[in-house]
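[1] got a structure for you, letters missing:
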């Protein structure tokens, strides 16, 4: 995230499907700390259709895009992985309709940006489930890491 001129942080997932709601939940949590980093950060709750926000992303012209999503990576639940755009083709990103690889390729036709996906292995994505406690711990870790990293970058 260092050196960003404009950073889009997008949380992706279905808010009705347990651990799949991690991305939007983290965005909602970051909203309460938004005054810490100002207008250089754009927070987007992409829900289960992140492709609906391509016009907004293009209009913001970000230098960096960070996406957060429950990601099936064949690892233990609550595992966190940081994935670049080349690595996302090898993972299954939960319940949304368009693959993240396709979404990134589409945006690259209009923008030049650095990209990172924070993937969290879900435990349960059943309809009506709450976020599982173990996965919620990972969510808090990610939220706190993002906030502390943005503070460091903006104070240097």
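    Here it is on my side, so go on. Everything numeric here is computed off the predicted structure, so don't read it as measured data.
[2] which SS class is residue 65?
    Assigned with DSSP: H, G, I helix; E, B strand; the rest coil, residue 65 falls in the strand class.
[3] and residue 124, what is it in contact with?
    Under the criterion of Cβ atoms under 8 Å, 6 or more residues apart in numbering, the neighbours of residue 124 are 18, 19, 132. Every residue, glycine included, has its C-beta placed from N, CA and C.
[4] how far away is the residue positioned nearest the centre of the chain from residue 19?
    A centroid search over the chain (Cα atoms, centre = their mean) returns residue 68, at 1.9 Å, as the residue closest to the centre. Per Cβ to Cβ, to the nearest Å, residue 68 is found 12 Å from residue 19.
[5] okay, and for the chain, where does confidence drop off?
    Applying pLDDT under 70 to the chain flags residues 1, 35-37, 90-98, 155-156.
[6] phi, psi of residue 15?
    phi -70, psi -10 (degrees, to the nearest 10).
[7] Please, where are all the helices along this protein?
    Secondary structure of the chain, counting by DSSP state H: helices at 22-31, 54-60, 100-108, 133-155.
[8] what's the longest one packed up against?
    Read that as helix 133-155. For helix 133-155, the elements it packs on are helix 22-31, strand 64-70, strand 80-83, strand 114-120, judged by 3 or more Cβ pairs under 8 Å, 6 or more residues apart in numbering; DSSP states H and E.
[9] Kindly report the same for the third one.
    In terms of contacts (3+ Cβ pairs under 8 Å, 6+ apart), helix 100-108 is packed against helix 54-60, strand 64-70.
[10] Check the first one too.
    Applying 3+ Cβ pairs under 8 Å, 6+ apart, one finds that helix 22-31 makes contact with strand 7-12, strand 41-47, strand 64-70, helix 133-155.
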